[in-house]
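>>> this one's structure only:
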């Protein structure tokens, strides 16, 4: 039995881990690196294993940094089975098609840029993978699993998907492994959610295990409390609307967009914010994700499920506009005040939000509300860290708008929640820390007791 690490090792993105047992090779996630150019270039680097040798790929959830390189894996020879929850499969299809489109767009842009600088390539620059590659990868998605239902994927290998409470369909993976009369209880946390949030249930209680692999995205900090965070959101909106400005909310299409819609609906029903604000969900991907949410109420917590069963849409607002078309998105920038504009990407690395920032960031009447994690090297992080000017589409833009960072909406557990979850796993012999910046990992490691703590480096391998 062996465990090796091929992504999200001492950084936050690119999750990819390999379990070898009983003659089978099981990959846990195959995510994309996101952030600065030096990270993005890692996506084209060798996986660290032969894709054709992988028998199964188990997907914890459908965020790009966990599923984004699946088409590349297939392109390079993977022919095994991808196993996930039904909701994760639907969301992964959406995410991968969007990613493929962005890869193709980036390749065309780089080709044009090279030509403008007098550099001519004998053959066109190729994207990491294409839309066709993404479509081909869907053929390898096989069984959809329910939470808490053990699945014997091969002799000596049983896995149970546990609700991770992170995004729709997200899971922690509990392995019961047997090889040559040796037994190993291995648990991958996946990305863990923050308890007490709306829409989804809290993370499930984990079992006692021998080896634990867990995320540390917020291993060095505590989140703001949820109730004050909601109040701060409403206050920021009201202040901006009163001064005649627009509210820009860079929004992750999966989970965060739906969660903010949910809170906006509640705020309007309670008269905490004006009922007749125009709200634009300017993200085709977030719109499609919202439709997928509506199809999977089995993942909802008690309150959201009750709303759905009563025929009330948890995500409906009086003046909510879904803007799929580019022309509709462009038209939003004619609005000089009084609108809430939700657009991706959440880290401002791409998508329509950059256009809205270009048109609104310079005006002190407006505000930008960050409600999610921003990795080092991203435009969102530069704005959050206090940059006075930023470059968007080659243009220098002054940052005069009010900037809010509201951490209470995080889809990730904070340090206290991570510690509480880890302590429920008994006293694992070893705890591997992944999916976090190194500083966060070290801070979290200092809090752990009665376990050997390991922070693996890229492609490191360990006997179980």
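Yes, it's here. None of the values given here were measured: they were computed from a predicted structure.

>>> how about low-confidence regions in the stretch 101-250 of the chain?
For the stretch 101-250 of the chain, the stretches flagged by pLDDT under 70 are 119-124.

>>> which stretches of it form helices?
Shown for the stretch 101-250 of the chain, the helices assigned by DSSP state H, counting those that start in this stretch span residues 131-137, 226-242.

>>> contacts for the longest one, please.
With contacts defined as CB atoms under 8 Å, 6 or more residues apart in numbering, helix 226-242 is touched by 194, 196-197, 223-224, 246-247, 260, 263, 266-267, 272-274, 277, 337-338, 340, 365-367, 369, 371, 402, 404, 406-409. Glycine gets a C-beta too; all of them are placed from N, C-alpha and C.

>>> next, count neighbours for residue 199.
23 (other CB atoms under 10 Å).

>>> go ahead and confirm it touches residue 304.
Yes - counting by CB atoms under 8 Å, residue 199 does reach residue 304; the two are 4.8 Å apart.

>>> ok, now which ones touch the closest residue to residue 308 other than its chain neighbours?
Nearest in space to residue 308, with sequence neighbours left out and distances taken as CB to CB, 6 or more residues apart in numbering, is residue 297 at 4.5 Å. With contact set as CB under 8 Å, 6+ apart, residue 297 has these partners: 304-305, 308-309.

>>> and the buried ones among the residues you listed, selectable in PyMOL?
The PyMOL selection below is limited to those of the contacts of residue 297 classed as buried (16 or more other CB atoms under 10 Å):
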select buried, resi 304+305
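
>>> and of the contacts of residue 297, the nearest to residue 69?
Taking CB to CB as the measure, residue 69 lies nearest residue 304 of the contacts of residue 297, at 31.7 Å.

>>> so that closest one: helix, strand or coil?
Three-state call for residue 304 (DSSP: H, G, I helix; E, B strand; the rest coil): helix.

>>> hmm, it is touching residue 201, no?
No - taking contacts as CB under 8 Å, residue 304 lies outside contact range of residue 201: 9.5 Å.

>>> residue 428 is in contact with residue 454, correct?
No - in this structure, residue 454 is not within contact of residue 428 by CB under 8 Å, at 11.1 Å.

>>> quick one, which of these two is more surrounded?
The residue with more neighbours, out of residue 454 and residue 428, is residue 428; 22 against 17, by other CB under 10 Å.

>>> does that one touch residue 214 like I think?
No - taking contacts as CB under 8 Å, residue 428 lies outside contact range of residue 214: 9.5 Å.

>>> find residues that contact each of the two.
Taking CB under 8 Å, 6+ apart as the criterion, residue 428 and residue 214 both touch residue 187.

>>> show me what contacts the nearest residue to residue 360 once chain neighbours are set aside?
In space, residue 360 comes closest to residue 366 once its chain neighbours are excluded; the distance is 4.4 Å by CB to CB, 6+ apart. Residues in contact with residue 366 (CB under 8 Å, 6+ apart) are 240, 245-248, 360, 401-402.

>>> great, nothing more from me.
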